[in-house]
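A.B. asks: Using only what follows, build the 3D model:
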Amino acid sequence: MIAVATFAEPAKGALAQKKSSDKPFLILFQSYGGDPTKPAQMTFAVSTLSRRQPLGFAQLGETIRSTNLKLVRFEKKTRIDTKRKKVDQSELTLLNVESNEFSVLVIGKPQNIPSAAK
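C.D. replies: Sure, this is the predicted structure:
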């Protein structure tokens, strides 16, 4: 007797890919240039680590390329580490223009913002 395997078709949507909002989307605030007392005139370097594209530069009020994120605020912050050295902990606040959610990036620390991908 020969055994015959039968496979049922998967239910529709069972193999569908995740929505873009479910996928990780890493963003890194890398650096800034300009006078921190005049943030409107500063330039910020932001990388989208989840996409292969060059480093992006933007100013407050501009949108980061290939995202739904708009730069809305910069705050210069420092802290003293265990070796008594000043460490930059500046923050860049972003607004998702589609969902109206705010995210805060700390310089040098990647953050996952799945809803940012276009």
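A.B. asks: Where does the residue minimising distance to the centre of the chain fall, secondary structure wise?
C.D. replies: In the chain, the residue lying closest to the centroid (Cα atoms, centre = their mean) is Ile27, at 3.0 Å. Ile27 belongs to strand 26-33 when assigned by DSSP states H and E.
A.B. asks: I'd like to know which elements that strand is packed against.
C.D. replies: strand 43-48, strand 91-96, strand 102-106, strand 111-112 (3 or more Cβ pairs under 8 Å, 6 or more residues apart in numbering; DSSP states H and E). Using the backbone N, CA and C atoms, a C-beta is placed for each residue, glycine as well.
A.B. asks: does Gly33 really touch Met42, like I thought?
C.D. replies: Yes: counting by Cβ atoms under 8 Å, Gly33 touches Met42, with 6.5 Å between them.
A.B. asks: Which parts of stretch 42-60 count as buried, going by neighbours?
C.D. replies: 42, 44, 46-48, 50, 56-58, 60 (16 or more other Cβ atoms under 10 Å).
A.B. asks: which among those gets closest to Ser115?
C.D. replies: Ser50 (12.6 Å; Cβ to Cβ).
A.B. asks: Was I right to think that closest one contacts Leu28?
C.D. replies: No: Ser50 lies out of contact with Leu28 (Cβ under 8 Å); the separation is 10.2 Å.
A.B. asks: what residue ranges in this protein score low on pLDDT?
C.D. replies: 1-22 (pLDDT under 70).
A.B. asks: Export the helices and strands packed on strand 26-33 to TSV and append columns for distance to Arg73.
C.D. replies: Output for those, formatted as TSV (distance: least, Cβ to Cβ, whole Å):
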stretch	distance to Arg73
strand 43-48	11
strand 91-96	4
strand 102-106	9
strand 111-112	15
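A.B. asks: That's all I had, so thanks and see you.
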